[in-house]
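J.: this one's structure only:
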Ligand SMILES: NC(=O)C1=CN([C@@H]2O[C@H](COP(=O)(O)OP(=O)(O)OC[C@H]3O[C@@H](n4cnc5c(N)ncnc54)[C@H](O)[C@@H]3O)[C@@H](O)[C@H]2O)C=CC1
Ligand SMILES: O=C([O-])CC(=O)C(=O)O
């Protein structure tokens, strides 16, 4: 007997990330190639016709795993019985805007969609917030959906994690699949801290640390790892907006699949990934905000990797991005009042 289909909600499904994401889900990239899915797609009434067009294309693509499509502008219908919710709906940042600029527009959406998910989603629904400001939207969703277990609400920093892997791969001229254990600490914003101190590369002569490889002069000098590398990853979203005049879409969609896949199916032994999760104050970062940590996943649960040594530069950067999240939380509440 085949598996029962899982229901996957994508909000903002008529937008550019949605358009890249729904075919990936329907092909099994997110939940596995043996897992049938029913897609629930939500957008706002002005986008209803475009949303219906996406539904028509999903039918036309004849995906074997796709067992049904709900395309709606009704949030309650969209959330009904969903096992996974990928919250992409919102207003994207345009050239020259900081994430704070999109705060007021987006947090009120997340407050109202929190109640719909709480009332209509399946009991153990896993939620991934992609729309910016991703950490703070996820926090608002958590606060206004108190019956959803807090560990089920996360935000996307896997794109930043993957960007860091990609930069190391390009600069050390190694396969990206041989690089692992970078960390994105904190906010999905330009204050994030991409940390390579524990990252390794699988080489012919065994596993080597990225710092050690950089020390032997392979393209990235050690100083650049503390400066240029960090700012390239922090600013990558802005660089894509400058180049495309639109924000990242295919890489965001692919990273959203990576996030949910690893959460549901588990991380490989010895590998961690970055996820924005509700902070318990681990590593002395602020508690009560959604902060990106290194996590391992097993049996559908994530766990923060504990006990990593933190040097002075890392401490400063982890504190700075934590302080920004505390400020964003206050700003979000002021937007809602
Ligand atoms: N966390 C991350 O790594 C990344 C986050 N983003 C964020 O993802 C979000 C979506 O980006 P794009 O797809 O490029 O934007 P887009 O503008 O192409 O699509 C957004 C869609 O959301 C819809 N929408 C607006 N309000 C809604 C509501 N209340 N309910 C349901 N749908 C609603 C819009 O009609 C639109 O179809 C933006 O906030 C963007 O900043 C983008 C890239 C990476
Ligand atoms: O920068 C933006 O507004 C879009 C985004 O979150 C990213 O590409 O990381």
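T.: The structure has been received and is ready for your questions. Owing to the predicted nature of the structure, the values given are computational and were not obtained by experimental measurement. Ligands and ions are numbered 1, 2, ... in the order given.
J.: which residues sit against stretch 231-250?
T.: 16-17, 19-20, 92-95, 159-160, 163-164, 167, 184, 190-192, 194, 251 (C-beta atoms under 8 Å, 6 or more residues apart in numbering). C-betas here are computed from N, CA, C, even on glycine.
J.: Spell out which parts of this protein neighbour ligand 1.
T.: Residues of the chain found near ligand 1 (C-beta under 6 Å from any ligand atom) are 11-12, 14-18, 42-44, 47, 88-90, 92-93, 109, 130-132, 134, 156, 159, 188, 247-249, 252.
J.: Rounded mean pLDDT for the biggest helix by length in the chain, please.
T.: Ranked by residue count and defined by DSSP state H, the top helix of the chain is helix 312-336. Mean per-residue pLDDT for helix 312-336: 95.
J.: helices or strands up against it?
T.: On a contact count with 3 or more C-beta pairs under 8 Å, 6 or more residues apart in numbering; DSSP states H and E, helix 312-336 meets helix 103-120, helix 134-143, strand 183-185, strand 193-195, strand 290-298.
J.: want to try CSV for these, with mean pLDDT and distance to ligand 2 as columns?
T.: CSV is the format used below for the helices and strands packed on helix 312-336 (pLDDT from 0 to 100; distance: least, C-beta to the nearest ligand atom, whole Å):
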stretch, mean pLDDT, distance to ligand 2
helix 103-120, 92, 11
helix 134-143, 97, 7
strand 183-185, 98, 11
strand 193-195, 98, 12
strand 290-298, 99, 12
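J.: I'd like those laid out as a markdown table, including mean neighbour count.
T.: Listed next are the helices and strands packed on helix 312-336 as a markdown table, based on neighbours: other C-beta atoms under 10 Å:
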| stretch | mean neighbour count |
| --- | --- |
| helix 103-120 | 19 |
| helix 134-143 | 27 |
| strand 183-185 | 27 |
| strand 193-195 | 26 |
| strand 290-298 | 23 |
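J.: so residue 281 makes contact with residue 291?
T.: No. Counting by C-beta atoms under 8 Å, residue 281 stays clear of residue 291, with 9.4 Å between them.
J.: returning to what we had before: filter the contacts of stretch 231-250 down to the buried ones.
T.: Buried by 16 or more other C-beta atoms under 10 Å: 16-17, 19-20, 92-93, 159-160, 163-164, 167, 184, 190-192, 194, 251, out of the contacts of stretch 231-250.
J.: ok, which residues in the stretch 1-150 of the chain are in contact with ligand 2?
T.: For the stretch 1-150 of the chain, the residues in contact with ligand 2 (C-beta under 6 Å from any ligand atom) are 93, 132.
J.: Skip the chain neighbours and tell me the closest residue to the residue in the stretch 1-150 of the chain that ligand 1 sits nearest to.
T.: Distances between the stretch 1-150 of the chain and ligand 1 by C-beta to the nearest ligand atom are smallest at residue 15, namely 1.9 Å. Spatial nearest neighbour of residue 15, excluding adjacent residues (C-beta to C-beta, 6 or more residues apart in numbering): residue 88 at 6.5 Å.
J.: Please tell me how far the one you found sits from ligand 2.
T.: Using C-beta to the nearest ligand atom, to the nearest Å, residue 88 is found at 11 Å from ligand 2.
J.: okay, now that residue: neighbour count?
T.: 27 (other C-beta atoms under 10 Å).
J.: What of residue 71?
T.: For residue 71, using other C-beta under 10 Å, the count is 22.
J.: And residue 62, by the same measure?
T.: 8.
J.: Can you check the pLDDT for it?
T.: Value for residue 62, per-residue pLDDT: 98.
J.: Residue numbers of the stretch 201-337 of the chain in contact with ligand 2?
T.: So the stretch 201-337 of the chain meets ligand 2 at 237-238, 240, 247-248 (C-beta under 6 Å from any ligand atom).
J.: Quickly check those residues for the two that are furthest apart.
T.: Maximum pairwise distance in these, criterion C-beta to C-beta, is 10.2 Å, between 238 and 248.
J.: which of the two has more neighbours?
T.: Counted by other C-beta under 10 Å, residue 238 and residue 248 do not tie: residue 248 has more neighbours, with 21 against 16.
J.: can I assume the more buried one sits in a strand?
T.: No. Counting by DSSP: H, G, I helix; E, B strand; the rest coil, residue 248 falls outside a strand, being coil.
J.: Look up phi and psi at it.
T.: Dihedral pair for residue 248: phi -50, psi 140, per degrees, to the nearest 10.
J.: from this structure, which residue is nearest to ligand 2?
T.: Closest point on the chain to ligand 2, by C-beta to the nearest ligand atom, is residue 237, at 2.6 Å.
J.: Return the distance of stretch 35-44 from the chain's centre.
T.: Relative to its parent chain, stretch 35-44 has a centroid offset of 18 Å by C-alpha atoms, centre = their mean, to the nearest Å.
J.: buried ones in the longest helix of the chain?
T.: By 16+ other C-beta under 10 Å, the buried positions in helix 312-336 come out as 314, 317-319, 321-325, 328-329, 331-332, 335.
J.: Stretch 144-157 now?
T.: 144-145, 148, 152-157.
J.: What's the per-residue pLDDT of the most centrally placed residue in the chain here?
T.: With distances taken as C-alpha atoms, centre = their mean, the residue of the chain nearest its centroid is residue 156 (1.4 Å). With respect to pLDDT, residue 156 scores 98.
J.: Alright, I will stop here.
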